[in-house]
Every structure is written in structure tokens, then in C-alpha cells.
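[1] Structure for this input, please:
(2 chains)
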Amino acid sequence: MVDTIVFVLAALVILSGALGVILARNPVHSALMLIMTLFGVAVVFVAQEAHFLAAVQVIVYAGAIVVLFLFVIMLLGVDQADSIETEPIGGQRPAAGVVALASVGLLVLLAVRAVQVSSGARSTSSALDGEGTNLEKLARVLFTDYLFAFEATSALLVIAVVGAVVLARKPAAEDVQDRKGVGALGRTRSGSGR
Amino acid sequence: MTSTAAVLAQQGDLLVKPEVEWVAITPLLVLVGGSLLLLTLSALTTRRPRRGTYALFTVLTCAGAIIASVALWDRVQDPARGEFTALVGALTIDGFTVFFSVLIALSIALAALVADDYLRREDLEGPELYALMLLSGAGGIVMAMANDLIVVFLGLEILSIALYVMAGMHLRRVESQESAIKYFVLGAFSSAFLLYGIALVYGATGSTNLSEIAAFLSQNVLESEGLLLAGFALLLVGLGFKVAAVPFHVWTPDVYQGAPSPVTAFMASASKAAAFAALLRVFFSAFSNHASDWRPIIWVLAVLTMVVGAVLAVVQRDVKRMLAYSSINHAGFSLVAVHANTERGVAGALFYLLAYAFMVLGSFAVVTLVGRRGDAAHDVDDYRGLARERPVLALAFTVFLLSQAGVPLTAGFFAKFYVIGAAAEAESYALAVIAMVTAVISAFLYLRIIVTMYFAGDEAEGDAATGRHRVAIPFGAGVSLAAAVAFTLLIGILPGLVADFARDAVPVLLSAAP
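    Coordinates of the predicted model:
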């Protein structure tokens, strides 16, 4: 009974937040509504006893990522509203409506038929049963079975750092050309001399 | 893998450290280590190093990776020791792994040699491109050795995220920025599909480990296959995007055109090969029980990819776009080999990917040089009279183009021959016929470029008067071109060498480590 009430309340929070994201006129409000949705999802995680995921949801998504959104919105300027009256591609909106209706239809169909696909019974996997807390088990799996995957993510971090440096660097073409006093032609010619 | 977790759970709090088979990941360690060393050393030295130092370092790193791979090959092919899974079943080390390690390391080396002068020409000098290329290549190797869907995904991300950055490296070309954004947005989208597919397959089979998935599927009959089939479809979307299969190809022409030419060379060779490696690992070895489910999808993808690639390539004017569409056509040929779903088919796909890597690296090396400063002269007209101006360069380009067209005595002939042979053996005659027809259509395109280079040179004087200068052939790119020509012709004349290598490199599926 409590489960159902929690689920309904959380679902209401999630859905109203999601609607708020796309309906709010002010982008800052949209971002704040997104936080509400993410909190709702965190509540659902807690209800499923996935405490670690709930914490990650709040810290990483609601905390870090949405704050990043807000940074970007603030840096670009809240006042500059894009005009949404012009249509870059003709017929896009009716097409979007049709696709949206079709998607909703599919979802409803899936929900109706899902009784056959997912019976609600326990899936074949049962890795996280047994003694110990959620976090402990995650840590265990992370440092044994998924050790390689865990370590491989470090390569991603290196790429992110290098990429950020590369892409944020200002191009210095004009400076270089002025300093050396060589134009485009001269440089390539000197290159061909070798 | 769940078994390991269960054993650990019984042992209480004691965490048994998993065994790490360092020898299995030596090629990876060399590439990643080389990349980190390059970044560290270049950050510590204040003086600019001599020209070519970074490229030389990259080539040496790749040579190291190839040597490590060859050592691994000896171990894997030794009947006494054979293939093995490493790192708690996350990786499979077999001939397939070694094959792709060698292919990717060679691609990095050849692309780095071309990039050397390119970066100097465009005032973009620095170690970053090389470091990213090495890391990206390491991601490709991870995809080839993955025995777990999570590892496939991570390898794909390491490969792709580095590529997004590399595509946008030319900071003064708007096209480069545009291609990076396009590639990033669409790539992230396709990664989401792949991830969703992994989640559904996990839901249906209870594991992300390929060995365990295969074991589960061979022992159980699913009452309702919806989840598994949806998982297959989404995995195919994610991987199809990376190999540029129609209808997931839309990004290819724009990104190939906009990215710096040496990066395009790397993208077309190593990245495509890595994506095919993952496709074969997942579908050929893990989902082989369900081949009747996914083979028809591959059939449709292969036909669409070959036809659209060949037809749209012919109507392009920009040579980079032409080669982009022709690379789509080549992806279709490799899909034909995947569709065969036999050992011979896989060997054909591997042969094709290796042969194609050299052709496309060489082609884009020529494109890089002809592009001149600014990386903009890519119209067909810019190749007018190249044969008179730079006969050797034009000859090399001719070899690559003829090879892509599949003319005998070049690598491309045997690549197409093995693929079509495998399709015929699998009794997919329609597919074989369509493949041959598209080969003829795309041959028209390659001949068009060749004709422009050789027979349309009358206006060359006019061009010279308007200030166009000779195409420069720097040393590094020259070495890269020579190597690519040599390999293309060598494979074309003695295909047995590579064919044997490919046949011994068919992926195996090992049961999870106890």
C-alpha cells in the first residue's frame, strides 16, 4: 500500500516536472523543473531499495549536470529568447505531431501487451541478492567482474581532458603568419622543397 | 561472472583480487602508455621539438604495439596454450584480437605520418592529435577483444569521443567544427541506442558477458523473444551507425568532408574496422544461435548500404564526399561477408577490412596533399592535370582507386572475390549479384577521378597562371603512401599471406573463466 502511494506521488512529481521542462517559457525554470523530475526518479530508486543509485541520481544529475545546464544558460544570457515562430524545415511540425501520436500509440500498445513480455516475475539474473548492502555488492562487482571496464573508463577521462584543452584553444593562425611574415603560398612552397 | 560473485559472497568480507593477465593487454598498454608518455613529455619540454618528432614517436609506439601483438599471436596459435579469456572473462584473446590490433596499429602509424606535415601546414602543430589517435585506436582494440557488452560499449566510447575531438581539431575551418558537432550529436544518439540494446539483451538473458549470453541462449528457449529481438535491433542500430550502414549513414559524407583529412583517413580505416570487429564478436560469435533472426536484417542493411553508397558516390563533385560514399559501399561489402555467417565469410570480412584500410588510408593521404593549405581544394577539378604535375602521386592514387574498384592484381580484387565467394557459398546468390552490380556502378566513379587526373590536363597552364602551386609531397606522407601502395599491390599479388592470417583470426567463443 505504502509502495503504491509512494510510486503515485513520485510519478506525479516526475511527470509534472517533465511537462514543466518543455512548457516553461524561461529556460532557467526549465532547468529547475528538470531537477524536480530527477528528484522524483531518485525517490523511485529509493522505493526499489537502490539507495546508491538514488544518491548518484541526486549528486551527479541534480547536482552536477543541471548546475552545468544553468551555467550554460546564464553564460548565453537568459534574456535572449529564440523565436520559435519561424520553421526552418517546412512541414516539420505536423510531421512531429504524427510521430508523437504514433509513439504514444506504440507505448500504450506496449503497456497493454507488456503483461506477456514481462510478467513481473524475477528475471533470470540474481546477482545482487544475499548478504551485504547495496553499495558493498556494487563495489565488489566493480573491482572483480568489471575490473577491466572500470579501469578502461580512465582512458575516457584522459580523452576528455585533452579534448577540452584542444577545442577550447584559440586559433593563432594570424599571429603566426604575421610573426614569420610568410603567407600561405610561401609556407607550402618551403614545405615542397624538401 | 555471476558465479565469481557468488563465490565471493560465500567467502564473506574477503575480497579476492581478480587475476590480471597483463600479457593479454600488452598491445593496449603500449598504445595508452605511449599516448600518456607523449602528452607528459611534450608538457615538460619547453622547447619545440624537431619537426616530425611526435609523428616518429607515434609510429614507434604503433610498432611496439604490433610487436606485442605478434608475440600474442604466437601464444594464441600455439595449440598447447591457445586462446584464452582474460580479466575475469571481460576479454577474449584470440587470433581475431591480434588481427585487429595489428590492423588498427598500422592505421594509426600511416595516418600519423600523413598528419605530420598536415599539422605543420595548417599551423596546428602539437602532440594532441597523436595522443588522441593512439587512445582512440586503443578503444578500437578494446572493442575487438571485448567479451562483454559493457566492454564493447566502453571501447566504442573511447574510440568515438576521441574521434569527435579530432574531427573538430581544425579550429579555423567552419566545416571541421560543423562535422565535429554533427558527429558528436548523432554519435551520442547512436550510443544511446546501443546502450538500450545492451540493457534489453541483459534483461532477456541475464548477463552482459558474451560467453554467458551464448551459453544461456543455447540452453534455454525463450518463451517470448520480444525483449531479445528488440535488443538485437537496437544493437544493430548502434553498431550500424559506426560502420556507416544505410540508413544510419547520414553523418558520413559531412563528417568525412569536414574532418581534417588525416583524421578522415583514420576514421575510414581504423574506426570502421573496430566497429565491424564488435559486430562480428557480438553477432557472429555470441548470437550465432539466433542467426535466423538477425541475418535477414543484415541482408537488408547490406543491400541498402551497397546500393545507396555506390549510386550517391557517382553524383558527388567533392572528392572527399565521393570517397565517403564509396566507404559506405565498402561497408556494404563487408556486411555481405557478415551475412554469410560462416567462418569463410568472417575470414572474407577480415581480409576486406585489412585491404580496404590500406586503400582508404592511401586515398585520403593523396586527398590531404592535394587539399593544399586550408584543406579546401577537394573538388574534382582540383585533380585536373595531376598526372602531369605529380606523376608518381597520380599513379599512387590510381592504384588505390583501381584497388577500390576491384581490378585484378590489386588488394581490392581479392577482397571482393572472397566476399562474393563467401556469399555464394552461403547460397545468398541475390546478394552476390547485387554486390557485383554495385561494384560496377562505383567503378564508374573511380574511373572518373582517374580520367580527370590523366586526360583533362589541358587547362593546367591556366590554373598555374591563376596562382595555383604544385602539390607538395612531404617526407612522412611519402613514406605512408609508399607503404600503402606496397601493401595494396602485395596483397593483390600474394593474397595468400593475408588470407591465411584472416582464416586463423576467425573469432572463437570461449566459456567464461571458472
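
[2] so where is the stretch 1-150 of chain B shaky, pLDDT-wise?
    B:1-14 (pLDDT under 70).

[3] Strands of that one, start to end?
    B:84-86, B:91-93 (DSSP state E, counting those that start in this stretch).

[4] Counting by contacts, list what the first one packs against.
    Translated: strand B:84-86. Identification of packing neighbours for strand B:84-86 by 3 or more Cβ pairs under 8 Å, 6 or more residues apart in numbering or on different chains; DSSP states H and E yields strand B:91-93. For every residue, glycine as well, the C-beta is placed using N, CA and C.

[5] Might you quantify the distance of the strand it packs on from its chain's geometric centre?
    Distance, stretch centre to chain centre, for strand B:91-93: 19 Å (Cα atoms, centre = their mean, to the nearest Å).

[6] do stretch B:491-507 as well
    How far stretch B:491-507 lies from its chain's middle: 17 Å, per Cα atoms, centre = their mean.

[7] how about low-confidence regions in chain A?
    A:78-85, A:87, A:114-132, A:171-194.

[8] Could you pick out the longest helix of it?
    Identified as the longest helix of chain A according to DSSP state H is helix A:92-117.

[9] in the stretch 1-150 of chain B, which spans are helices?
    Secondary structure of the stretch 1-150 of chain B (DSSP state H, counting those that start in this stretch): helices at B:2-10, B:26-44, B:53-77, B:95-121, B:128-145, B:149-167.

[10] of all of the stretch 401-514 of chain B, which residue lies closest to chain A?
    Going by Cβ to the nearest Cβ, chain A is nearest to residue B:472 of the stretch 401-514 of chain B, at 3.3 Å.

[11] what pLDDT, on average, does the helix with the most length in chain B get?
    Determined from DSSP H, the single longest helix within chain B is helix B:174-205. Averaging pLDDT along helix B:174-205 yields 92.

[12] what about it, near chain A?
    Yes. Counting by Cβ under 8 Å from any Cβ of the partner chain, chain A has neighbours in helix B:174-205: B:180, B:202, B:203, B:205.

[13] quick one: buried residues of the very next helix or strand once past that helix?
    Sequence order places helix B:210-219 as the next helix or strand after helix B:174-205, per DSSP states H and E. Neighbour-count burial for helix B:210-219, with 16 or more other Cβ atoms under 10 Å in any protein chain shown as criterion, is recorded at B:210, B:211, B:212, B:213, B:214, B:215, B:216, B:217.

[14] how far off helix A:92-117 does the next helix or strand after helix B:210-219 point, in degrees?
    Counting by DSSP H and E, the element after helix B:210-219 in chain order, helix or strand, is helix B:226-243. Orientation check (axes from the mean of the first three to the mean of the last three Cα atoms, to 10 degrees): helix B:226-243 against helix A:92-117 gives 140 degrees.

[15] avg pLDDT for the helix or strand following helix B:226-243?
    Following helix B:226-243 in sequence order, the next helix or strand is helix B:251-258 (DSSP H and E). What helix B:251-258 shows for mean pLDDT is 93.

[16] Packing partners of helix B:251-258?
    Judged by 3+ Cβ pairs under 8 Å, 6+ apart, helix B:251-258 is in contact with helix B:174-205, helix B:319-340.

[17] Might you calculate how far the longest one sits from the centre of the chain?
    Relative to the centre of its chain, helix B:174-205 is centred 17 Å away, using Cα atoms, centre = their mean.

[18] can you check stretch A:29-46 too?
    13 Å.

[19] for stretch A:49-68, same thing?
    12 Å.

[20] what about it, how long is it end to end?
    The first residue of stretch A:49-68 is 28 Å away from its last residue (Cα to Cα, to the nearest Å).

[21] So which residues of the stretch 351-500 of chain B form helices?
    Along the stretch 351-500 of chain B, the stretches classed as helices by DSSP H, counting those that start in this stretch are B:386-389, B:391-405, B:411-425, B:429-455, B:460-465, B:475-493, B:495-503.

[22] Identify whichever of those helices lies nearest to residue A:73.
    When the helices of the stretch 351-500 of chain B are compared by Cβ to Cβ, helix B:475-493 sits nearest residue A:73, at 45.2 Å.

[23] Tell me which other helices or strands the closest one touches.
    Against helix B:475-493 (3+ Cβ pairs under 8 Å, 6+ apart) you get helix B:95-121, helix B:343-371, helix B:391-405, helix B:411-425, helix B:495-503.

[24] Which residues belonging to that helix are considered buried?
    For helix B:475-493, burial by neighbour count (16+ other Cβ under 10 Å) applies to B:476-481, B:483-485, B:487-489, B:491-492.

[25] if I pick residue B:19, what's in contact with it?
    Residues in contact with residue B:19 (Cβ atoms under 8 Å, 6 or more residues apart in numbering or on different chains) are residue B:88.

[26] my bad, should have said residue B:339
    By Cβ under 8 Å, 6+ apart, the contact set of residue B:339 is B:295, B:298, B:299, B:302, B:345, B:423, B:426, B:428, B:431.

[27] most surrounded residue in these?
    residue B:423 (28 neighbours; other Cβ atoms under 10 Å in any protein chain shown).

[28] Could you report the neighbour count for the nearest residue to that residue once chain neighbours are set aside?
    Among residues not flanking residue B:423 along the chain, residue B:432 sits closest, at 4.2 Å (Cβ to Cβ, 6 or more residues apart in numbering or on different chains). As a burial measure, residue B:432 scores 20 neighbours (other Cβ under 10 Å).

[29] With distance to residue A:165 added, can I get the helices and strands packed on helix B:475-493 in TSV?
    Putting these into TSV (distance: least, Cβ to Cβ, whole Å) gives the following:
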stretch	distance to residue A:165
helix B:95-121	16
helix B:343-371	24
helix B:391-405	35
helix B:411-425	39
helix B:495-503	39
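
[30] Of those helices, which shows the lowest average pLDDT?
    Lowest mean pLDDT within the helices and strands packed on helix B:475-493: helix B:495-503, a mean of 88.

[31] Any buried residues in that helix, and which?
    Neighbour counts over helix B:495-503 (16+ other Cβ under 10 Å) mark B:495, B:498, B:499, B:501, B:502, B:503 as buried.
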